Each structure stands twice: as structure tokens, then as C-alpha cells.
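In: What follows is a predicted structure for the sequence shown.
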Amino acid sequence: MPATRTLLPLPGAALAPHRIGQALIGLLFLVSGLLKLGRFEALAGVLAGKGLPLAAAVMALAIALEVAAGAALVLNLKPRIAAAALALFVMAATLLFHSFWAADAAAYANQLNHFLKNLAILGALLSLARPPTRA
């Protein structure tokens, strides 16, 4: 019986899916932050309506975090720190804006869907916040 040959992967090939996923999650936040710039006043008003003090300052910090940390993930610059910061942001935003447990019947399914989507994003960010393992 002939021996089976295995091809060794290229150096770093095992990390390629990790880096691609990291860039895609980063792109999500980078684009989201940039789009918020055009709706700054309206979004700051939403924050104020939720009772957040200094809503405009909070909105500015949120945009800065999304843009800077998103770009950091895309460019692979301090990705663990960027992912951890975005994970904290997603946790806070999810609890503040997608409280499906308090939603009326008409909004329940939509809020639950956004809550679960954000949990998936949080999972990806938590995976990025730790060092990748080599295959």
C-alpha cells in the first residue's frame, strides 16, 4: 500500500481564517462608527432619551471607539485590546438598547433578534480578545 503524503500548510496558513474574521468584525465597527457621524445629533438624542447624562459626549466616545478599534482590527494593530474594548461596548449597548425582556409584544421579536445577533458578535470579539491558537 503506498504511503499517504500530507502537505504541510504554508507558514501562518492556520492563522488566515482568524485574520480574515478579525478584519471582517473590524470592518463592521469601522463602517458603523463612520455612518454614525452623519446621524450624530439624532443618535445623541436617542441616548439622552435613554437617560444617559452627557449624551453628546457619550456618542462622540462611542464613535471614536468604533472607528479606532474597528480600524485596529482591520489593520491588526493591538487586536486583542481593540476586541476587548469593543466587547465591553457591545455588552453595554446590548443591555441598554435591546432589552427584549421589557419590550412590548410588537417589538419583542425584533429586540430578541438584535440581542441574539449582538451575543454572536460578542462571542467573536471574545474569541479575538485572546491569542490565537496554532493548529
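Out: That came in fine, so what should we check first? Bear in mind the structure is a predicted one, so any value in this text is a computation, not a measurement. Numbers count the residues shown, from 1 in each chain.

In: Give the buried residues for the single longest helix found in the chain.
Out: If you go by DSSP state H, the chain has its longest helix at helix 105-128. Neighbour-count burial for helix 105-128, counted by 16 or more other C-beta atoms under 10 Å, picks out 111, 115, 118, 121-122, 124-125, 128. C-betas here are computed from N, CA, C, even on glycine.

In: Tell me which residues are up against that helix.
Out: 18, 21-22, 25, 28, 73, 79-80, 83-84, 86-87, 90-91, 93-94, 97-100, 103 (C-beta atoms under 8 Å, 6 or more residues apart in numbering).

In: let's see it at 10 Å
Out: Under the criterion C-beta atoms under 10 Å, 6 or more residues apart in numbering, residues 18, 21-22, 24-26, 28-29, 69, 73, 79-80, 82-91, 93-95, 97-104 lie in contact with helix 105-128.

In: average pLDDT across that helix?
Out: For helix 105-128, mean pLDDT rounds to 92.
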